[in-house]
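A.B. asks: With the sequence up front, the predicted model follows.
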Amino acid sequence: MIKALLIERLAYGGAGIGRHDGKAIFVPFTAPGDLISCRIVREKKRHAEGELVALREAGPGRCTPPCPVFGLCGGCQWQHLDYAEQARWKEEIFREILVRQAGISAKSVLPLVDAPEAWGYRSRVQFKCRMTEKGFVMGFYRSGSHYVIDVVQCPIAAPAINAALAHFRQWLSAAPCPEKIPQVDMAADDEARVRVVVHVLAGREGALADYLRPLAETVGYALFFQCGRKDSLQLVTGTEDLYIHPEPGSDLRLAYGPGGFAQVNLAQNRRLVAEVLAAFGENPPRRVLDLFCGMGNFSLPLARRVAEVVGVEDYAPSIVKARDNAAKNRVDNVSFHARPAEGAAEFFSREKPFDLVLLDPPRTGAYTVAKELSRLRPPHILYVSCDPPTLARDLVPLLHGGYHLEWSRPFDLFPQTYHTESLTSLRLPV
């Protein structure tokens, strides 16, 4: 055991870093300035991983986590840091990753956009379920395992989610087949609607639907069952759609269905959309390609300001929703296509070139798309990323292909965790 380790900084992934005998030691749930005792749990060639045994002296940014299962549940990594400390380190870690892995100038990274609310922001949550000897358990997996930590309420979840959690904890514990329910997905929107998707193992859907339908109707929840993949979704009661408002002060209203995607932090999503629109400067593009467009979160605000938008998404139900959103919001200069992002820029450029390509890929990034864009050379690229390492990887072929990185700005959509969203602007030299 290391009896005295000073934590010097934080790493991407959430752990604190100290040094012992010249080797970096990564210790979760520690804060810069902490003096700790730790136990080594894994030795590597150039570093080691440890676990906190005792906090001997607290660093200046440490605070008391409000959640009783923090450190057990695998959802949050930084509840022990006050929010100003979290924001400072998110910006620093983001900058360091882009400088070290993509070779950009540190001055190109703009200040982090802090979250307006550090708690109660999350509008979508997946709760894991398990029937145990002590009764029905509903919560989150313990980090690195499939053991379900029971959760009465989640402090980062929106109030409407916690209210629904209280209902379903009670209802499902008395359900006809609680042992057949491995997961419950909950989502809340900008209009006080709540949608719940109960995952059910095949065989007892009928009895469970008869039991839950009247309960959900008493509180106005939309209820779905899912028996396997997303294409097995079945409506039990209520309406299909939730609605987000991506622009403050605008009448734009976008629906997304069960299985579809919307950002978990709706307030920060509005700031992200505003930053995308501001990135035009004084010369808005005429033709825009929006890759990984989902239900139109960026496409439709863009279409109100440019001549034409082409949206591409490989999840077909989201494209159906995007087309419906365009029609209901009377936006007629946008077309949506259900197909992979790979090859889309080349295919749709055959008619005429794009002035701007926007991409918002999943956490795995879009390296193949980045290489394609480096060949096609659209004048302006905006890259929305939820994973700094894959962003840095994808920037390399674009920078080698002659693009200049104007700026990259991190956004905190995920307080109490190490995760960071970002927007990066690249242009070809004139």
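C.D. replies: Noted; the coordinates are in hand.

A.B. asks: Got the confidence number for residue 301?
C.D. replies: Note for residue 301: predicted pLDDT of 97.

A.B. asks: isn't it right up against residue 273?
C.D. replies: Yes - between residue 301 and residue 273 there is a contact at 5.4 Å, judged by Cβ atoms under 8 Å. Using the backbone N, CA and C atoms, a C-beta is placed for each residue, glycine as well.

A.B. asks: Now do the shared contacts for the two.
C.D. replies: Shared contacts of residue 301 and residue 273 (Cβ atoms under 8 Å, 6 or more residues apart in numbering): 246-247.

A.B. asks: Compare neighbour counts for these two and give me the winner.
C.D. replies: More crowded of residue 301 and residue 273, by other Cβ atoms under 10 Å: residue 273, with 25 against 22.

A.B. asks: so who does the residue nearest to that one when sequence neighbours are not counted touch?
C.D. replies: Spatial nearest neighbour of residue 273, excluding adjacent residues (Cβ to Cβ, 6 or more residues apart in numbering): residue 246 at 4.7 Å. By Cβ under 8 Å, 6+ apart, the residues touching residue 246 are 252, 254, 269-270, 273, 297-298, 300-301.

A.B. asks: again, only this time at 6 Å
C.D. replies: 273, 297, 301 (Cβ atoms under 6 Å, 6 or more residues apart in numbering).

A.B. asks: Could I get the average pLDDT for the strand or helix carrying the first one?
C.D. replies: Same thing as residue 273. Element membership of residue 273, judged by DSSP states H and E, is helix 266-278. Mean per-residue pLDDT for helix 266-278: 97.

A.B. asks: Give the other helices and strands that it contacts.
C.D. replies: Of the remaining helices and strands, none touches helix 266-278 by 3 or more Cβ pairs under 6 Å, 6 or more residues apart in numbering; DSSP states H and E.

A.B. asks: Pull the contacting residues for residue 55.
C.D. replies: Going by Cβ under 6 Å, 6+ apart, residue 55 touches residue 36.

A.B. asks: and it, how far is that from residue 67?
C.D. replies: 18 Å (Cβ to Cβ, to the nearest Å).

A.B. asks: what does residue 420 give?
C.D. replies: 21 Å.

A.B. asks: for residue 403, same thing?
C.D. replies: Counting by Cβ to Cβ - residue 403 and residue 67 are separated by 42 Å.

A.B. asks: Tell me how many other residues surround the nearest residue to residue 62 once chain neighbours are set aside.
C.D. replies: Nearest non-adjacent residue to residue 62, counting by Cβ to Cβ, 6+ apart: residue 31, 4.3 Å away. Neighbour count for residue 31, taken as other Cβ under 10 Å: 22.

A.B. asks: Was I right to think residue 31 contacts residue 60?
C.D. replies: No - assessed by Cβ atoms under 6 Å, residue 31 is found out of contact with residue 60, at 8.3 Å.

A.B. asks: Need the pLDDT of residue 316.
C.D. replies: 95.

A.B. asks: which outside residues touch the helix holding residue 273?
C.D. replies: 113, 115-116, 123, 190, 244, 246, 248, 263, 298, 301, 411, 413, 423.

A.B. asks: Now do the helix or strand following that helix: which elements does it pack against?
C.D. replies: For helix 266-278, the following helix or strand on the C-terminal side (DSSP H and E) is strand 287-291. Counting by 3+ Cβ pairs under 6 Å, 6+ apart, the packing neighbours recorded for strand 287-291 are strand 308-313, strand 356-359.

A.B. asks: Output the helix or strand following strand 287-291 as CSV, restricted to C-alpha atoms.
C.D. replies: Heading C-terminal from strand 287-291, the first helix or strand you meet, by DSSP H and E, is helix 299-303. The C-alpha trace of helix 299-303 is given here as CSV (Å, rounded to 0.1, in the frame of the first residue of the first chain):
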residue,chain,number,x,y,z
SER,A,299,-30.8,20.4,-39.7
LEU,A,300,-34.0,22.4,-39.1
PRO,A,301,-32.5,25.4,-37.3
LEU,A,302,-30.0,25.5,-40.2
ALA,A,303,-32.6,25.2,-42.9
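
A.B. asks: which helices and strands does helix 299-303 pack with?
C.D. replies: strand 308-313.

A.B. asks: List the buried residues of the strand it packs on.
C.D. replies: Buried residues in strand 308-313, counted by 16 or more other Cβ atoms under 10 Å: 308-313.

A.B. asks: Identify the residues contacting it?
C.D. replies: 287-291, 293-294, 299, 302-303, 319, 322, 333-337, 341, 344, 348.

A.B. asks: Make a ChimeraX selection of the buried ones in those.
C.D. replies: Selection of buried members from the contacts of strand 308-313 for ChimeraX, criterion 16+ other Cβ under 10 Å:
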select :287,288,289,290,291,293,294,299,302,303,319,322,334,335,336,337,341,344,348
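
A.B. asks: In the chain, spot the helix with the most residues.
C.D. replies: Ordering each helix of the chain by length in residues (DSSP state H) puts helix 83-102 first.

A.B. asks: Tabulate the CA atom coordinates of it in CSV.
C.D. replies: What follows is the C-alpha trace of helix 83-102 in CSV, where atoms were taken according to Å, rounded to 0.1, in the frame of the first residue of the first chain:
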residue,chain,number,x,y,z
TYR,A,83,-18.7,22.4,-10.0
ALA,A,84,-16.2,25.1,-10.7
GLU,A,85,-13.4,22.6,-10.3
GLN,A,86,-15.1,20.1,-12.6
ALA,A,87,-15.5,22.8,-15.3
ARG,A,88,-11.9,23.9,-15.0
TRP,A,89,-10.6,20.4,-15.4
LYS,A,90,-12.9,19.6,-18.3
GLU,A,91,-11.6,22.5,-20.3
GLU,A,92,-7.9,21.7,-19.4
ILE,A,93,-8.2,18.0,-20.2
PHE,A,94,-10.1,18.7,-23.5
ARG,A,95,-7.4,21.2,-24.5
GLU,A,96,-4.6,18.8,-23.6
ILE,A,97,-6.1,15.9,-25.7
LEU,A,98,-6.4,18.0,-28.8
VAL,A,99,-2.9,19.5,-28.4
ARG,A,100,-1.2,16.2,-27.7
GLN,A,101,-3.1,13.9,-30.1
ALA,A,102,-4.0,16.3,-33.0
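
A.B. asks: For the helix holding residue 273, buried residues please.
C.D. replies: Under 16+ other Cβ under 10 Å, the buried positions of helix 266-278 are 266, 268-273, 275-277.
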